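# what follows is a predicted protein model with its sequence.
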Amino acid sequence: MVTYIVRRLVTAVLILLAASFLVYLLTAASGDPLQQYRQSSLPNKEQLIQQRIQLLNLNTPAPLRYFDWLGGAAGCLIPFAAECDLGKSIQGIEVTTLLARAMGQTIQLVTAATILAIIIGIALGIITALRQYSGLDYGVTFMAFLFFSLPIFWVAVLLKEYGAIGFNNFLNQPNIGLSAMGIIGLVAGFICYLVPKSGVKRKLIAAAIGFVAAVALCWYLDISGWFLTPGFGAIGVALMGVAAAYLVTVLTAGLRNRKALYSALITVGLGMIAYFAIQPLLDLATILMIIILGVGAVLVGVAVGYLMGGFDRRQSMNAAGLTAFLMGFVILLDRYMQEWPEYFNNSRIGGRPIATIGSSTPNLEGNFWIAGLDIFTHLLLPTIALMLISLASYSRYSRASMLEIMNQDYIRTARAKGLTERTVVMRHAFRNALIPLATLVAFDIGALIGGAIITEAVFAFSGMGQLFVDALNAVDPNPVMGVFLITGILAMTFNLVADLIYSVLDPRVRVKA
């Protein structure tokens with residue numbers, strides 16, 4: 001294993017060196033960084049030209065300049081080497097400073113979108129594979145191909161028009177009319193109609209339940225003024241916690257394992273006690289405090305599962321730990337909702353909370369929760385745009401992989417042994433279906449860190465993609481090389497991680513030196 005990793009790293013370094021040399025030469029040959037001043041009529045034009053020549057070392061041929069850049073870049077890669085030096089931009093700003101700022105923006109932008117796309121996409125792919133050729137399968141397939149074919153800039157513009165401007169106008173007078181309730185109910189009823197496997201009667205009953213539930217929910221949200229004063233409340237948190245406990249138990253252990261179910265429900269009860277106990281503490285919340293509370297909640301859940309035991313103690317620990325995590329997330333979300341009226345009525349927000357540009361509201365003052373809501377409202381639309389586009393590929397790949405796995409001999413053998421369908425799917429099929437997705441996920445994560453150029457441009461995020469494009473337009477090689485260096489290192493690192501994950505997911509895979 002160690003020999004294999006070392007060999008891959010040496011190969012990656014050689015590829016990175018060759019690629020960086022080529023990119024540097026192409027960037028240097030793409031234009032004249034002095035063109036701006038050559039066409040200028042400023043009286044100090046010659047002085048400005050000489051300053052830029054000295055700043056970018058333009059008197060040295062491009063191949064030799066590359067090795068000067070490489071010497072500085074080595075300090076960023078070699079442990080205990082000299083100070084990291086990636087040069088300066090044509091504005092005289094250190095490239096390391098530009099990269100740090102741009103990477104923070106990009107990571108903030110793509111993290112939630114990537115995680116949601118992976119989780120939702122894989123879940124939809126697995127579900128549609130298990131319900132092959134059903135109405136649900138056809139519906140998800142249609143939507144997946146629709147989102148996959150949509151241009152990202154068009155999706156982003158539509159979201160800005162209806163998700164921001166239209167929704168902000170709605171919040172001025174949040175009233176859901178009867179016609180809107182009816183349309184929402186019909187959509188919900190149609191989706192529920194696709195869920196049952198077979199039987200027209202069952203499908204119609206599901207559609208009716210979906211229609212009534214959607215209309216009732218809209219009516220409650222309307223009469224309660226929920227959009228202006230949102231929140232789950234203690235009852236809502238408890239109901240969502242119980243639902244999470246049953247869902248997690250079904251997926252991890254099955255409802256026949258009563259110890260696992262009781263462990264999850266006990267965790268919900270402890271979560272409700274914590275819901276009331278920590279409210280005063282959350283007034284002084286910091287990110288470190290939230291992390292500590294979250295880790296503590298999961299550990300308590302795992303401990304409950306361990307003490308409950310059962311014929312498979314690990315299943316009880318998994319069910320209780322995951323339930324504790326989801327319960328903590330719901331409590332956190334409820335606290336953010338409690339702060340929504342203060343954020344909504346802030347003078348800097350002006351009753352229009354869903355932002356269309358930028359990553360934060362300038363000069364906004366407030367506590368931890370207000371700052372979090374501001375980040376959320378700025379990330380909401382670009383996250384949805386990126387997620388919708390990425391969702392399609394994950395759902396299609398996971399569906400195809402799951403269909404292939406479900407036809408394997410060992411799956412038929414597992415069923416012949418009398419194992420439950422949940423055990424066959426979750427323990428035998430699901431893990432193996434993830435193997436082909438490891439490469440896709442690793443590649444996408446590495447690529448997204450390089451920047452979502454179009455999305456950043458539409459939503460005015462100063463991320464890695466925007467930095468790369470601006471540097472190319474200005475024939476500024478140092479920022480271009482900085483972005484390339486980070487993107488190349490991440491791409492190769494995640495590809496190595498994908499290869500190592502193979503050996504974890506599939507015991508048959510052995511990494512040989």
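Sure, I can see it. Values in this document were obtained by computation on a predicted structure and should not be read as measured data. Numbers count the residues shown, from 1 in each chain.
# low-scoring stretches of the stretch 401-513 of the chain, by residue?
For the stretch 401-513 of the chain, the stretches with pLDDT under 70 are 446-447, 450-451, 505-513.
# what do you get if the cut-off is 50, keeping everything else the same?
For the stretch 401-513 of the chain, the stretches with pLDDT under 50 are 511, 513.
# what segments of it are helices?
409-416, 421-423, 430-433, 435-449, 453-458, 464-473, 477-505 (DSSP state H, counting those that start in this stretch).
# go through those helices and name the closest to residue 54.
With CB to CB as the criterion, residue 54 lies closest to helix 477-505 of the helices of the stretch 401-513 of the chain, at 14.0 Å. Glycine gets a C-beta too; all of them are placed from N, C-alpha and C.
# got the buried residues for that closest one?
Of all the residues in helix 477-505, those buried under the rule 16 or more other CB atoms under 10 Å are 477-492, 494-496, 498-502, 505.
# with stretch 245-260 instead?
245-246, 248-249, 252-254, 257, 259-260.
# of those, closest to residue 338?
Nearest to residue 338 among the buried residues of stretch 245-260, with distances taken as CB to CB, is residue 245, at 23.6 Å.
# give me the domain ranges for this protein.
Residue ranges for the domains of the chain, per automatic domain parsing: 2-99+446-505, 110-420.
# distance between the ends of the last one?
The reference is to domain 110-420. End-to-end distance for domain 110-420, by CA to CA, to the nearest Å: 38 Å.
# from the chain's centroid, how far away is it?
Chain-centre distance of domain 110-420: 13 Å, with CA atoms, centre = their mean, to the nearest Å.
# in a strand, that's where residue 132 is, yeah?
No. Counting by DSSP: H, G, I helix; E, B strand; the rest coil, residue 132 falls outside a strand, being coil.
# surely it touches residue 404?
No. Look at residue 132 against residue 404 with CB atoms under 8 Å: they stay out of range, at 11.8 Å.
# what touches both of the two?
Common contact partners of residue 132 and residue 404 (CB atoms under 8 Å, 6 or more residues apart in numbering): none.
# before we move on, back to that, just the closest of the buried residues of stretch 245-260 to residue 274, please.
The closest of the buried residues of stretch 245-260, once distances to residue 274 are taken by CB to CB, is residue 245, at 15.0 Å.
# quick one: pLDDT of that closest one?
We have a pLDDT of 95 for residue 245.
# the one 10 residues further on too?
Turning to residue 255, the model gives it a pLDDT of 85.
# what do you get for residue 205?
93.
# how about residue 269?
96.
# do the same with the one 4 residues further on
At residue 273, the model reports a pLDDT of 95.
# how near is it to residue 173?
39 Å (CB to CB, to the nearest Å).
# ok, now residue 56?
57 Å.
# can you pull the contacts of the residue nearest to residue 448 when sequence neighbours are not counted?
Nearest residue to residue 448 in three dimensions, chain neighbours excluded: residue 110, at 4.3 Å (CB to CB, 6 or more residues apart in numbering). Counting by CB under 8 Å, 6+ apart, residue 110 touches 386, 448-449, 452.
# so between residue 56 and residue 173, which is more surrounded?
residue 56 (21 against 6; other CB atoms under 10 Å).
# surely that one touches residue 33?
Yes. Using CB under 8 Å, residue 56 makes contact with residue 33 at a distance of 6.2 Å.
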